[in-house]
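In: Build me a model from this:
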Amino acid sequence: MNVEPFEFLGEHVAPGKRSRFELPIGQLYTQSEVSIPIEVLHGKHPGPTLLICAAIHGDELNGIEIIRRVLGASWLRNLRGTLIAVPIVNVLGCIHRSRYLPDRRDLNRCFPGSEKGSLAARIAHQFTTLVLSHADYAIDLHTGALDRSNLPQIRVHLDNERAAWMARAFGVPVIIDAEIRDGSFRGTGDDLGVPIITYEAGEALRFDETSIAAGVRGIRRIMEDLEMIVRRKQGRPEIQHVLARSTSWVRSPSDGFLRAIKPLGSRVAKGELLAMINGPLETTGQPIEAPFSGIIIGRSNLPLAHEGEAIFHIARFEKVALAEKAVDNFQLRLEEQVASNDEAIT
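Out: Okay, the predicted model is just below:
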C-alpha cells in the first residue's frame with residue numbers, strides 16, 4: 001500500500017523520512033523568536049500517528065532526555081505510521097528553569113487555549129490545533145515538582161478505554177485512575193478523541209536514570225503494541241501492574257526540620273512512622289505517621305517543612321502486598337537493565 005506524505009506545519013514529510021520543525025510561539029523581550037522544536041518521523045508503511053511530548057511544565061526535564069533517546073534508538077527503523085516528538089512544549093519555562101510560563105500560568109491548566117487569550121492560552125491553542133490534532137494517541141511525560149520525587153507511575157482516566165489500554169501497555173507497576181482536570185492536556189485529548197496517558201517519574205530539574213529508562217522502555221512497548229515497530233525477537237518480560245483508585249498527601253503537622261524514614265516506593269501500614277519533624281534545639285521531635293496503608297508514590301526531598309506542607313504521597317490499593325511486590329520487581333529488573341546498559345532502554 002502506498003503511503004502519502006505526512007503534511008505538517010505547511011510542509012510534507014516523505015515516507016521513510018524524518019524532518020525537524022520549529023513552531024513559533026512568540027518572542028523574548030529582545031524580539032528574538034522563540035519556537036517549539038519538533039521532529040516528525042514518517043514511516044514507509046501505514047500505521048497510527050503517535051505524539052510524545054515533554055516539559056509542558058518547563059522544569060520537568062526527564063521527558064526531554066527520554067525523547068532524545070527514543071529519537072536515537074535503532075528500533076525506530078522500519079517505522080510504520082508516524083511519530084511526532086516534542087521534547088519541550090513549554091520552551092519559555094524551560095529557559096527560566098520554571099514550571100510556569102512568564103505570565104505565571106500553568107500551561108497544563110490552559111488547554112485547549114484560545115487564539116486571542118493569555119500567553120499560556122495562545123501557546124495551548126497553537127499546540128492543540130497544529131500538533132495534537134494530528135495524533136491518534138499521545139504520551140505526555142512529566143516529573144514530580146521541584147524538590148519532590150515521583151515513583152514511576154501512569155496517570156490515566158480509566159473511563160477512556162483506549163487510554164486505559166495504553167496505561168497497561170506502558171509497563172510501569174503503578175497506574176492511578178486520575179480524574180480529568182479542567183484545562184488539562186489530557187482533558188483536551190478526551191474532547192478530541194485522542195487518548196492520552198501521563199507518565200510521572202523523578203523530580204523537577206534533575207535527570208533520574210531509572211525514571212528515564214522506564215520512560216524509554218514504556219514508549220517502545222506502546223509502539224510495539226500499536227505495531228509501529230517490530231517486536232523484540234527475544235520477547236519482553238511482562239510487567240505486573242496494580243491500580244490505585246485514590247491517593248492522598250500526608251502533610252506536616254508543624255514547622256521544622258524533616259527527617260524522613262521511609263523512601264520512595266515503600267509499603268507502609270496505617271500508623272507506621274514515616275518521618276520525624278523537630279526544631280533546631282529539640283532532641284526528639286514530632287512523629288509523622290501513615291494515615292492508611294499503601295505505597296509511597298511521591299515524597300518531598302527537602303529536610304525543611306512548614307505546617308501543612310505536603311510531605312508523602314501515598315496510594316491506596318486493594319492488595320497492598322501485591323502492589324509492593326509489583327513495585328519491587330519492577331525496580332529490580334529496571335536497575336539490572338540500567339547496569340547492563342540494555343539497548344532496550346537506551
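
In: buried residues in stretch 116-131?
Out: When neighbours are counted by 16 or more other CB atoms under 10 Å, the buried residues of stretch 116-131 are found to be 119-128, 130-131. C-beta coordinates here come from the backbone N, C-alpha and C atoms, glycine included.

In: Might you report the residue contacts of Ile297?
Out: Contacts were defined as CB atoms under 8 Å, 6 or more residues apart in numbering; by that measure Ile297 touches 150-151, 153, 174, 176, 244, 247, 264-265, 313-315.

In: Can I get those in TSV including pLDDT?
Out: Converted to TSV, those look like this (pLDDT from 0 to 100):
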residue	pLDDT
Asn150	97
Leu151	96
Gln153	97
Val174	94
Ile176	96
Ala244	92
Thr247	95
Leu264	95
Gly265	93
His313	97
Ile314	97
Ala315	95
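
In: Pick the one among the residues you listed closest to Glu289.
Out: Lowest distance from Glu289 to the contacts of Ile297 (CB to CB) belongs to Ile314, with 11.2 Å.

In: What is the burial count for the closest one?
Out: If you count neighbours by other CB atoms under 10 Å, Ile314 ends up with 24.

In: Wait, it touches Ile295, no?
Out: Yes: with contact defined as CB atoms under 8 Å, Ile314 counts as touching Ile295 (6.9 Å).

In: what is in contact with these two at once?
Out: With CB under 8 Å, 6+ apart applied, the overlap between the contact sets of Ile314 and Ile295 consists of Val268.

In: can you tell me how far Asn278 sits from Arg122?
Out: Distance of Asn278 to Arg122, computed by CB to CB, to the nearest Å: 48 Å.

In: Pull the contacting residues for Thr128.
Out: If a contact means CB under 8 Å, 6+ apart, then Thr128 has 111-113, 188, 192 as its contacts.

In: farthest-separated two in the residues you listed?
Out: Applying CB to CB across these, the maximum distance is between Gly113 and Leu192, 12.8 Å.

In: all strands for the stretch 1-150 of the chain, in order.
Out: When secondary structure is read from DSSP state E, counting those that start in this stretch, the stretch 1-150 of the chain shows strands at 6-8, 11-13, 17-27, 33-42, 45-54, 80-86, 137-142, 148-156.

In: Columns mean neighbour count and distance to Glu282 on top of the ones you listed, output as JSON lines?
Out: Supplementary listing: those in JSON lines, determined by neighbours: other CB atoms under 10 Å; distance: least, CB to CB, whole Å:
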{"stretch": "strand 6-8", "mean neighbour count": "17", "distance to Glu282": "60"}
{"stretch": "strand 11-13", "mean neighbour count": "14", "distance to Glu282": "63"}
{"stretch": "strand 17-27", "mean neighbour count": "15", "distance to Glu282": "50"}
{"stretch": "strand 33-42", "mean neighbour count": "18", "distance to Glu282": "49"}
{"stretch": "strand 45-54", "mean neighbour count": "21", "distance to Glu282": "42"}
{"stretch": "strand 80-86", "mean neighbour count": "23", "distance to Glu282": "49"}
{"stretch": "strand 137-142", "mean neighbour count": "25", "distance to Glu282": "37"}
{"stretch": "strand 148-156", "mean neighbour count": "25", "distance to Glu282": "25"}
